[in-house]
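Enquirer: Dropping a prediction and its sequence here:
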Amino acid sequence: MSESPLSGSDRQPIINGHTRLLGVMGWPVAHTLSPAMQNAALAARGLNYIYVPLPVPPERLPAALSGLPALGFVGVNVTVPYKADVLPYLAELTPIAAAVGAVNTIVVREDGSLLGDNTDGAGFLDDLRAHGIRAGQAEGAGPIRCRRALVIGAGGAARAVAYVLAEAGVEVAVVNRTPERAVALCAAITRALPNARIMAHPFPSALTHLAPEVDLIVNATSLGLHPDTDPLPWDPTVPFSPRHVVYDLIYTCRTPFLALAERQGARAIGGLGMLVYQGARAFERWTGVPAPVEVMASVLKKGKMAYVLSSSPDRR
């Protein structure tokens, strides 16, 4: 790992012939927040890397992936719409990436092969710990303990969250408007984690009896990205309580779902911290250096405001 000479009070890296390459691959990526966050982190650690957006049209995805080793890339993030599409082109997957069927981080290994990982789940748990919440059997992470969780949704983000909660020993209930998708999610996680306590339930009818029994409620759907028009990912006749921690993976706004939970006394947490910590996990995988989480969070908070003003659809 080589060090980068830095200049100026803002610690901007100097790009030279030894600079190593990182990036985020998606279509589109014009408004991605990751380059600002990762480049600030790299500069703060004095590392001679640069992180760039990589807009890749669908027909060029195989060529783009095969070209990463030849171009000297150390790794890339993967965002919409390619988190599942990249799987056939990777030499190996981490257990969580294989179980959830989605990759958000690729590591280019020394032999040129590609390792696919998913840092979303780990980033979610890291943010819970940062808020003083420990999941399942975790020790020493905080005064609030989560033994039972309710996950709303059955997409890639829901799979990652449900996986890490189940792995930690949390009893997980998954609810979805299409029950078959929730069943498939639970089956995939049970295959990967045979001791997982996870079960699918219909949405919204199951909320009445599930909500009073859980400690943590997670919205892992996109409902709330458009707060003026999206329906709630919840039945408003089912009350929240002060014992609930309510987490929304959406980070671009204080969603109506979180606002409702907060009004009823629940602890409400938005998804910005998860975005920071999943990026920090990727940073550490690529560089082997502890991520400067505070720097990354500061940059993302500023970028969040620009995101809201531009109404960008790109979430990574």
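Expert: On my side now, so go ahead. Numbering: from 1, shown residues only.

Enquirer: So which residue is dead centre in this protein?
Expert: Here the mean C-alpha position of the chain is nearest to the C-alpha of Asp120 (Cα atoms, centre = their mean), at a distance of 3.0 Å.

Enquirer: who are the neighbours in contact with that residue?
Expert: For Asp120, the contacting residues are 102, 104, 156-157, 160-161, 274, 278, by Cβ atoms under 8 Å, 6 or more residues apart in numbering. No exception for glycine: its C-beta is placed from N, CA and C like everyone else's.

Enquirer: go with 7 Å
Expert: The neighbourhood of Asp120, defined by Cβ atoms under 7 Å, 6 or more residues apart in numbering, consists of 104, 157, 160, 278.

Enquirer: Ok, Lys301 next?
Expert: Lys301 makes contact with no residue, according to Cβ under 7 Å, 6+ apart.

Enquirer: what separates it from Asp85, distance-wise?
Expert: To Asp85, Lys301 is 31 Å away according to Cβ to Cβ, to the nearest Å.

Enquirer: same question, Ala200
Expert: With distances defined as Cβ to Cβ, the gap from Ala200 to Asp85 amounts to 26 Å.

Enquirer: higher neighbour count, the two?
Expert: Set side by side, Ala200 and Asp85 show more neighbours around Ala200, with 21 against 15, by other Cβ atoms under 10 Å.

Enquirer: thought Ala160 was touching Gly121?
Expert: Yes. Between Ala160 and Gly121 there is a contact under Cβ atoms under 7 Å: 3.9 Å.

Enquirer: For those two, list the residues in contact with both.
Expert: When contacts are counted by Cβ under 7 Å, 6+ apart, Ala160 and Gly121 have Ile96 as shared neighbours.

Enquirer: Does Asn77 lie in a helix or a strand, and which?
Expert: strand 73-78 (DSSP states H and E).

Enquirer: same deal with Cys186?
Expert: In this assignment (DSSP H and E), Cys186 forms part of helix 179-192.

Enquirer: what number of residues lie near Gly121?
Expert: In terms of burial, Gly121 registers 27 neighbours under the definition other Cβ under 10 Å.

Enquirer: Contact partners for it?
Expert: The neighbourhood of Gly121, defined by Cβ under 7 Å, 6+ apart, consists of 96, 160-161, 163-164.

Enquirer: among these, which two are most distant?
Expert: The span of the contacts of Gly121, defined through Cβ to Cβ, is set by Ile96 and Val161 at 10.8 Å.

Enquirer: Counting neighbours, go ahead and name the busier of those two.
Expert: A direct count of neighbours by other Cβ under 10 Å for Ile96 and Val161 places Val161 higher, at 29 against 23.

Enquirer: so how far is Val295 from the more buried one?
Expert: Plainly put, Val161 is 25 Å away from Val295 if you go by Cβ to Cβ.

Enquirer: same check, this time on Leu42
Expert: In this structure, Leu42 and Val295 are separated by 10 Å, where distance is defined by Cβ to Cβ.

Enquirer: and if you look at Ala261?
Expert: In this structure, Ala261 and Val295 are 30 Å apart, going by Cβ to Cβ.

Enquirer: Also Ala266?
Expert: Computed as Cβ to Cβ, the Ala266 to Val295 distance reads 31 Å.

Enquirer: go on, Ala36?
Expert: Ala36 sits 11 Å away from Val295, taking Cβ to Cβ as the criterion.

Enquirer: Name the residue in those two with the higher neighbour count.
Expert: More crowded of Ala36 and Val295, by other Cβ under 10 Å: Val295, with 19 against 16.

Enquirer: Apart from its chain neighbours, what residue comes closest to that one?
Expert: Counting by Cβ to Cβ, 6 or more residues apart in numbering, Val295 lies nearest to Ala44, which is 4.6 Å off, once chain neighbours are set aside.

Enquirer: Could I get the contacting residues of Val174?
Expert: Val174 makes contacts with 151, 154, 158, 162, 182, 185-186, 198, 200-201, as judged by Cβ under 7 Å, 6+ apart.

Enquirer: how long is stretch 228-239 end to end?
Expert: With Cα to Cα, to the nearest Å as the measure, stretch 228-239 spans 22 Å from end to end.
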